[in-house]
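**Student:** Just a sequence and a predicted model for now, questions to come.
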Amino acid sequence: MDAATLIGIISAFALVITAIMMGSGLSVFVDVHSLMIVFGGTFGATMINYPIRDVLGVFKVVKHVFFSRIWSSQELISRFLEFSRKARRDGLLGLEPELLKLNDPFLIKGLQLAIDGVEPEAIREILETEIEYLQERHRAGAEILSTMATFFPAMGLIGTLIGLVQMLRVMEDPGTIGPAMALALLTTFYGAVAANLICLPMAGKLRKRSKEETLIKEMMVNGIISITNGENPRIVEQKLHSFIPPEQRESRYRSRIES
Amino acid sequence: MDAATLIGIISAFALVITAIMMGSGLSVFVDVHSLMIVFGGTFGATMINYPIRDVLGVFKVVKHVFFSRIWSSQELISRFLEFSRKARRDGLLGLEPELLKLNDPFLIKGLQLAIDGVEPEAIREILETEIEYLQERHRAGAEILSTMATFFPAMGLIGTLIGLVQMLRVMEDPGTIGPAMALALLTTFYGAVAANLICLPMAGKLRKRSKEETLIKEMMVNGIISITNGENPRIVEQKLHSFIPPEQRESRYRSRIES
Amino acid sequence: MDAATLIGIISAFALVITAIMMGSGLSVFVDVHSLMIVFGGTFGATMINYPIRDVLGVFKVVKHVFFSRIWSSQELISRFLEFSRKARRDGLLGLEPELLKLNDPFLIKGLQLAIDGVEPEAIREILETEIEYLQERHRAGAEILSTMATFFPAMGLIGTLIGLVQMLRVMEDPGTIGPAMALALLTTFYGAVAANLICLPMAGKLRKRSKEETLIKEMMVNGIISITNGENPRIVEQKLHSFIPPEQRESRYRSRIES
Amino acid sequence: MDAATLIGIISAFALVITAIMMGSGLSVFVDVHSLMIVFGGTFGATMINYPIRDVLGVFKVVKHVFFSRIWSSQELISRFLEFSRKARRDGLLGLEPELLKLNDPFLIKGLQLAIDGVEPEAIREILETEIEYLQERHRAGAEILSTMATFFPAMGLIGTLIGLVQMLRVMEDPGTIGPAMALALLTTFYGAVAANLICLPMAGKLRKRSKEETLIKEMMVNGIISITNGENPRIVEQKLHSFIPPEQRESRYRSRIES
Amino acid sequence: MDAATLIGIISAFALVITAIMMGSGLSVFVDVHSLMIVFGGTFGATMINYPIRDVLGVFKVVKHVFFSRIWSSQELISRFLEFSRKARRDGLLGLEPELLKLNDPFLIKGLQLAIDGVEPEAIREILETEIEYLQERHRAGAEILSTMATFFPAMGLIGTLIGLVQMLRVMEDPGTIGPAMALALLTTFYGAVAANLICLPMAGKLRKRSKEETLIKEMMVNGIISITNGENPRIVEQKLHSFIPPEQRESRYRSRIES
């Protein structure tokens, strides 16, 4: 999990929980009955809205996005410079041993295609198709999370209305109104927390990471094509640099040549 | 009905109803008067908003979308490979007996056109027009459901305002306030449930299914054209594969050839 | 007025009024003071927002759209087949007596231009310009209704705030709070009803009818051009059929030929 | 100021004020403290949001739009027919005395350029650039008004929260709650009135007038170019007619010729 | 900091604070507990939503935008006229001493490239890329501020719900309700203030300044290219004038020539 997400979750939840505990016990904010309405109802509405495969896919996409490591562009470029030099020295077959050291399936697949002698244009097509379907999965995940962020507060409202109606019907002893109303408000609280501290920021991060991952994968595609075409490391670096902001472009190639 | 929708409806409604019954009887939440305002008012506003044919069409579209089976792409591809082989062996007329085994009117119509010797481009035009009008019907259905999802909470608010005004006018015995207010809140409850557990997720699913059905029908159109052109099964499979994600493309053709 | 609108208005208003009368007299919901704020305020804001001509134009557009009859496409096509046969038999001048039987000014104008020997391209340009300005008037009408649908609830809120402030300032006898608050809520009620049962659905229907009317008028333009060009009735029918969904295309031409 | 705006302002404000005065004195609704929060806060937020020049520009744009007269298209066309006849008779220099009778700076500038012998294409470019910057100023004005329409209710809410917190902290004598709460609600009232009766309709009118003014100015540009090219008055009229709906096109040229 | 922002912040905050202090002490509106929930929660949600680098980047972008000076277009044009004259007299190398007097890194870099003899098209490409990444940073900053403007009120609501639930659970002594509720409302107050007086107007100003800065930098790029091409000062001025509204185009060139 990346640092920002971790810091975010800790500061958001820890602060809210601490703030709660300064005022009362935490148990006051746990009610199975209310959790059932808000989470069950939202889950149900989401299942009606989306195909079952997509809903279950969200967990996978979220897990992948929050826990899988993304290459830094610097690291990727310097790796591709090595590949490029090795390929020019030993031929594309010389990259075979490098594959064992990698654990990024997309990169391995692309390099394997190059080693197998597939035409550059065919490699590009295969890899671009994979990037497209990846983006589609990310997009679907972010959309489901956003939809859930609209169902959660709605279910919170529905739960509160149920609680209020039940309370008002039997309102005899004014002393019981307070606790009953507190209970009724819990579902609104759950809905607001689930939507604003979980679904919305996760959908946002998913969109951000999807862009970053796409960029890195596009760099890989271009790097692999360059290597397949036997291009000079200097050219490879130049091409990959065009994907990143000028101030991050420290030419590792030149420094190595000089040293 | 597909599994996800069924699970969704059960989890959403069963949980809400269970949650209600843990707090009071269910009858507390049924009031004919309030149902009349919310459902009658929303129905009325929808009838003013849309032509009568479109409103009634929603039920048909919804029924079709939730209950009709959609081909899986795998199943469709393997069926088209059979058609393709048979057509190359026995000519297009050889497909005639296959039609009796099918019950998808779109596919039957397309194959019949091919058997009747209609030109490929004319077949494509006829079928594409049908897909367009189908998409239009789906789009209209989803739009009406979304519009109803805005009228439902509005009618809920109107009902609650009616209840509140009536209650406040005659507010003499404070003991009667509770039950009267509970009654007034029921319309808001109905509006929120109808909008968020019925209309919105159904509109969402309709859009999703429309996309899937369009994809399957586009595959059919391309398959039929390929068969009419007497293309090789291998080519047919390749063309149909381009419609689905790479990881779902298990070449059934090759395995059959080999076995 | 078309059936759907009539059914809609009756079901919406009749149900709401019945529901009100089951709980109290209707007079409780009538307050001149509140009507003044909500309707006067919304009218005023609309007059500031739009030129006076456009605001008054809304009534005309709404009346036209809800009360004028639109040709059914079937009816229009069969009428054009007659025109086409007559024009081929007796020349364009033979259509002159037909004009007297029509009462659609757009169609009469178009046919008159054809009879007068105006060039087809000039006829198309004149009629298309008229369609464009018609669409513009419909669009403007729908926009004003939508804008009013945002001003109505706002004026409702303003009215309620006025009522609340006045009530709270002089709150001495708690017994008077109820009725005063009921009165204050009336403006919110008026705003919600006017926006959701009148403005929004009417704007929606206006957009729908505009589309239908445009389609019918486009069919007329194409039919008139075809007749001017002396095209065969079969071709005329085919051209007009391309505007409607395949399942509604019953070829009247062929059946007449055969009978 | 155009009639609609005047009628709008009178009906909106006069009705609201009358309605208030039927329930209480007007002074109940005036509180300096609350005005300060709502208007000061909104002004402040707007100043943070926009460059100082743009905020001050709003007043100028609003004044110009509400008080400057726009030519009616009929009037403009008949004036251009005169110019055109005079220019054909006496040459472009013959228009010089006409300039003194005009007081529309845009028209004067355009005609002066024509008289000075500037090339038609250069005239068009200069005038179109001026129209673009005018539209930009109108667009900026409408945007600022719309932004203010979101800040006003927000400041209203903030003011009410301040009032409520202060009231609740010292809540001892229940008799003081009413008036304190009435005061707290005043800011919400100010925010709603300023947003819905001033900012939103003014932004709307600004957009409408910008369109009208642009149309008139486009007609001027085309008229000036036609005159510079020495075109026949009949052609000038025809060209200008293409900017307005067919039913408003009464050919003044022909009637003059005939009379 | 530009004047408008300063005036805005002072009028917004000073007025709100003055208004508060006229009703109670300011300390009533400070509660660490509530600040923790609203600011901590929003910060947390933002950290989950965006990469850590982007969140920290906001402060830098905001600081840069509010405190760095932007050239006025007049000033820039007159400076470029000087450069242009000097370059024509002394060659591009004659600009070298001018660089020391500048402190705008973008302008220095562009002129240095020109002095170094880089091709005009290459200079344009390098500088345009830098402008693009600058815009991207501004856009990212404005987006994060807008996202925070949706999290702040949500956290305010969550805080208020926590306060209400805690208060209602233990509601025994009615005398304590007031202060407890006042405390609960504080988070809503913080959320509304942070969103509407800080985040939203800052995001708006950021977008405005980004546009202005881009315009100025585009002028610089075009000026540098013109100088590199050895264009005549008159042409340089004309080209730069096309970026600004006609009424601001006072030709300094001509006046200097004449004087």
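**Tutor:** Ah, there it is.
**Student:** what does the strand or helix carrying A:Ser34 contact?
**Tutor:** Taking DSSP states H and E as the definition, A:Ser34 sits inside helix A:32-35. By Cβ atoms under 8 Å, 6 or more residues apart in numbering or on different chains, the surrounding residues in contact with helix A:32-35 are A:159, A:163, A:183, A:186-187, A:190, B:19, B:22-23. In this view, the C-beta of every residue, glycine as well, is placed from N, C-alpha and C.
**Student:** List the residues that contact A:Ala203.
**Tutor:** Neighbouring residues of A:Ala203 by Cβ under 8 Å, 6+ apart: A:141-143, A:145-146, A:149.
**Student:** Columns distance to chain B and secondary structure on top of the residues you listed, output as JSON lines?
**Tutor:** Below are these laid out as JSON lines (distance: Cβ to the nearest Cβ, whole Å; DSSP: H, G, I helix; E, B strand; the rest coil):
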{"residue": "A:Gly141", "distance to chain B": "14", "secondary structure": "helix"}
{"residue": "A:Ala142", "distance to chain B": "15", "secondary structure": "helix"}
{"residue": "A:Glu143", "distance to chain B": "9", "secondary structure": "helix"}
{"residue": "A:Leu145", "distance to chain B": "14", "secondary structure": "helix"}
{"residue": "A:Ser146", "distance to chain B": "11", "secondary structure": "helix"}
{"residue": "A:Ala149", "distance to chain B": "13", "secondary structure": "helix"}
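**Student:** how about those residues, which pair is most distant?
**Tutor:** Spatial extent of these (Cβ to Cβ) is set by the pair A:Gly141 and A:Ala149 at 12.8 Å.
**Student:** Which residue of those two possesses the greater neighbour count?
**Tutor:** More crowded of A:Gly141 and A:Ala149, by other Cβ atoms under 10 Å in any protein chain shown: A:Gly141, with 25 against 20.
**Student:** how much space between the more buried one and A:Ala3?
**Tutor:** Applying Cβ to Cβ, to the nearest Å, the value for A:Gly141 to A:Ala3 is 22 Å.
**Student:** Close to chain E: what parts of the stretch 51-200 of chain A are there?
**Tutor:** Counting by Cβ under 8 Å from any Cβ of the partner chain, the stretch 51-200 of chain A comes close to chain E at A:175, A:177-179, A:181-182, A:185-186, A:188-189, A:192-193, A:195-197, A:200.
**Student:** make it 7 Å
**Tutor:** When proximity is defined as Cβ under 7 Å from any Cβ of the partner chain, the stretch 51-200 of chain A approaches chain E at A:178-179, A:181-182, A:185-186, A:188-189, A:192-193, A:196-197.
**Student:** Spell out, range by range, the helices that occur in chain A.
**Tutor:** Assigned by DSSP state H, chain A shows helices spanning A:3-9, A:15-23, A:32-35, A:41-49, A:52-67, A:73-90, A:96-101, A:105-115, A:120-169, A:177-193, A:200-228, A:233-241, A:252-258.
**Student:** Which one, of the ones you listed, ends up nearest to C:Val55?
**Tutor:** Ranking the helices of chain A by proximity to C:Val55 (Cβ to Cβ) places helix A:120-169 first, at 35.3 Å.
**Student:** just checking, what packs against that closest one?
**Tutor:** helix A:41-49, helix A:52-67, helix A:105-115, helix A:177-193, helix A:200-228, helix B:15-23, helix B:177-193 (3 or more Cβ pairs under 7 Å, 6 or more residues apart in numbering or on different chains; DSSP states H and E).
**Student:** in the longest one, what's buried?
**Tutor:** By neighbour count with 16 or more other Cβ atoms under 10 Å in any protein chain shown, helix A:200-228 contains the buried residues A:200-210, A:213, A:216-217, A:219-228.
**Student:** what's the angle from it to helix A:105-115?
**Tutor:** In terms of direction (axes from the mean of the first three to the mean of the last three Cα atoms, to 10 degrees), helix A:200-228 departs from helix A:105-115 by 20 degrees.
**Student:** can you pull the contacts of A:Arg169?
**Tutor:** Contacts here follow Cβ atoms under 7 Å, 6 or more residues apart in numbering or on different chains; on that basis A:Arg169 touches B:24, B:28, B:178-179, B:182.
**Student:** In JSON lines, list those along with pLDDT, neighbour count and distance to chain C.
**Tutor:** Shown next, in JSON lines, are those (pLDDT from 0 to 100; neighbours: other Cβ atoms under 10 Å in any protein chain shown; distance: Cβ to the nearest Cβ, whole Å):
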{"residue": "B:Ser24", "pLDDT": "77", "neighbour count": "15", "distance to chain C": "22"}
{"residue": "B:Val28", "pLDDT": "83", "neighbour count": "20", "distance to chain C": "18"}
{"residue": "B:Gly178", "pLDDT": "79", "neighbour count": "19", "distance to chain C": "14"}
{"residue": "B:Pro179", "pLDDT": "81", "neighbour count": "16", "distance to chain C": "13"}
{"residue": "B:Ala182", "pLDDT": "87", "neighbour count": "23", "distance to chain C": "14"}
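**Student:** Closest to chain D out of those residues?
**Tutor:** Nearest to chain D among the contacts of A:Arg169 is B:Gly178, at 20.9 Å by Cβ to the nearest Cβ.
**Student:** surely that closest one meets A:Leu168?
**Tutor:** Yes. Counting by Cβ atoms under 7 Å, A:Leu168 is a contact partner of B:Gly178 at 4.2 Å.
**Student:** before we move on, the earlier item: how about the contacts of A:Ala203 in TSV, adding pLDDT and distance to A:Gly44?
**Tutor:** Shown next, in TSV, are those (pLDDT from 0 to 100; distance: Cβ to Cβ, whole Å):
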residue	pLDDT	distance to A:Gly44
A:Gly141	92	19
A:Ala142	94	21
A:Glu143	95	18
A:Leu145	95	16
A:Ser146	95	18
A:Ala149	96	16
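**Student:** quick one: average confidence on stretch A:106-125?
**Tutor:** Averaging pLDDT along stretch A:106-125 gives 92.
**Student:** Next, the residues that contact it from outside, please.
**Tutor:** Residues from elsewhere that reach stretch A:106-125 (Cβ under 7 Å, 6+ apart): A:92-93, A:95-96, A:99, A:102, A:126-127, A:130, A:217, A:220-221, A:224-225, A:227-229.
**Student:** rerun at 6 Å
**Tutor:** A:92, A:95-96, A:99, A:102, A:127, A:217, A:220, A:224-225, A:228 (Cβ atoms under 6 Å, 6 or more residues apart in numbering or on different chains).
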